[in-house]
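Asker: This is a predicted model, with the sequence first.
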Amino acid sequence: GNPDPVYRGAWNEFYQECRNNPAWQNRLELFSWAHAYKRVQPKLFKEEAARLYGAHQSYSASKLSVFRACPFSYYIQYGLKAKEREIHQIHKFDLGRLLHWAVCRYCEEVSDGETELSKIRERWCALTEEKSQELVHVIMQEIEVRVLRDLHRDREKVAYLLERMEKTILRSAEMIRLSMIRGEYAAVALELEFKIEIEWNGKHVGLNGVIDRVDLEEKPEEESARLRIVDYKSGNKDFSIISISNQMDMQLVLYAIAALSLYQSGVIPGGGYQPEISGILYHKLRDDLVECKPEQLSEVDAIARRSLRMDGLIVLEDTEDAASEALEMDHTLLETDGSEFLKLSLKSDKKGINQNRSKVTTKSRFARLMDYVKKSIIDLDEKIYDGEIRICPGLQGTQSPCSYCSYREICLYEKALDGQDKLIGDEKEAWHKI
């Protein structure tokens, strides 16, 4: 900066005093070096990057997010393959993993190995709320046996957590059941592993991952198919178009791109029609406490359900057909003021979408979103193989990736020296960029 004359005069006087004192010579030299220090951002040669990462990489959504959050962190984790020192201890009770397993098992039990869409729908439509609860109870008994069998410590604590877990699964299972019986969709793929290759402007990159659930609706008379992508989240994570525009979290859109490819190749069972995406959604596996006023106590269950509605983007026609497509997801929209399991509502005349109460986008806009993600993946791949390993975390909102990075003691990041990559923080600006 530009210090005031009084400060600058005092500093110069102190500096001359040190120069004239032999005892301070070594320290003064260190001060001079520190004053002249400038951080040189590291960078690999392209040949080094190719040797380090291999000729070609296959990326997961989380792998791409790590690079966008901080190139140096990606270099340490996936280039040098540094790992934290392993501490041998009793593994913690992994509630999130068990929740994922339980809801996937629930869907598997309902479909019972059927692969034909109409028969899967028949099985879901025959599932009453009472039968659904019985099925969840059977699954929980299986989990209790598996978890408690080899557990010698904290049995009471884990038993309590399992009791809480059953309540969470009961709510989640009911949300899944409603999403099937109140619409034209059926769950046709669960925990679907994929490896695909995307292309953009003649360049190719491999992608891999696991899609928790793909719901399918087909119209043979129109030779069309609509795919709904669902990802289970036990954490408190909301869908954000800002994170997609910043290339920080492209998971759901990446899964949508993969699902289209998998349906066309026959990996996702169906009639082989022309597919399109009808939604990308997070399904929350949570049983949080809800706030309500005293006069709302009788409605607390409904309030809790609304808080668990799937969050993401519902993709509809930008025409009068939008309302009919919405009804294919939830028939009850004609009689209610909004869906119980989706952030979707019709206008009062039931002839259009209530934009203020719905998280929707048009098909043309979503096509641009998928193109943006494809281009982003190619761009990130080019930066990785160009040798970019900058120490420069991306700041989205107020949270910096440094707060949860395991490699802080390696990079010794300092904002004043290294700077910060400030990202988009406004939704309108994000859509404009896309």
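Answerer: Yep, that arrived.

Asker: can we go C-alpha only for contacts and neighbour counts from here?
Answerer: Noted.

Asker: Quick one: name whatever helix or strand follows the helix or strand harbouring residue 13.
Answerer: Using DSSP states H and E, the element containing residue 13 is helix 5-19. For helix 5-19, the succeeding helix or strand toward the C-terminus, using DSSP H and E, is helix 25-36.

Asker: List the buried residues of that next one.
Answerer: In terms of neighbour count (16 or more other CA atoms under 10 Å), helix 25-36 has its buried residues at residue 28.

Asker: Run through the neighbouring helices and strands of that helix.
Answerer: Judged by 3 or more CA pairs under 8 Å, 6 or more residues apart in numbering; DSSP states H and E, helix 25-36 is in contact with helix 5-19.

Asker: what's the neighbour count on residue 54?
Answerer: 11 (other CA atoms under 10 Å).

Asker: Grab the nearest non-local neighbour of the spatially most central residue of the chain.
Answerer: Nearest to the geometric centre of the chain sits residue 251, at 5.1 Å (CA atoms, centre = their mean). The shortest distance from residue 251 to any non-neighbouring residue, by CA to CA, 6 or more residues apart in numbering, is to residue 61 (5.0 Å).

Asker: The longest helix along the chain packs against which elements?
Answerer: Ordering each helix of the chain by length in residues (DSSP state H) puts helix 155-181 first. Helices and strands touching helix 155-181, by 3+ CA pairs under 8 Å, 6+ apart, are helix 95-111, helix 117-125, helix 129-149.

Asker: could the ones you listed be laid out in CSV, adding mean pLDDT, distance to residue 312 and mean neighbour count?
Answerer: Output for the helices and strands packed on helix 155-181, formatted as CSV (pLDDT from 0 to 100; distance: least, CA to CA, whole Å; neighbours: other CA atoms under 10 Å):
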stretch, mean pLDDT, distance to residue 312, mean neighbour count
helix 95-111, 92, 19, 17
helix 117-125, 95, 24, 17
helix 129-149, 91, 26, 15
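
Asker: Would you reformat the ones you listed as CSV and include distance to residue 192?
Answerer: Formatted as CSV, the helices and strands packed on helix 155-181 follow (distance: least, CA to CA, whole Å):
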stretch, distance to residue 192
helix 95-111, 11
helix 117-125, 17
helix 129-149, 21
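
Asker: Which one, of those, ends up nearest to residue 385?
Answerer: helix 95-111 (33.7 Å; CA to CA).

Asker: re earlier: quick check: pLDDT value at the residue nearest to the centre of the chain.
Answerer: At residue 251, the model reports a pLDDT of 96.

Asker: ok, now residue 339?
Answerer: With respect to pLDDT, residue 339 scores 93.

Asker: Touching, it and residue 330? I think so.
Answerer: Yes - the pair residue 339 and residue 330 passes the contact test of CA atoms under 8 Å, sitting 6.7 Å apart.
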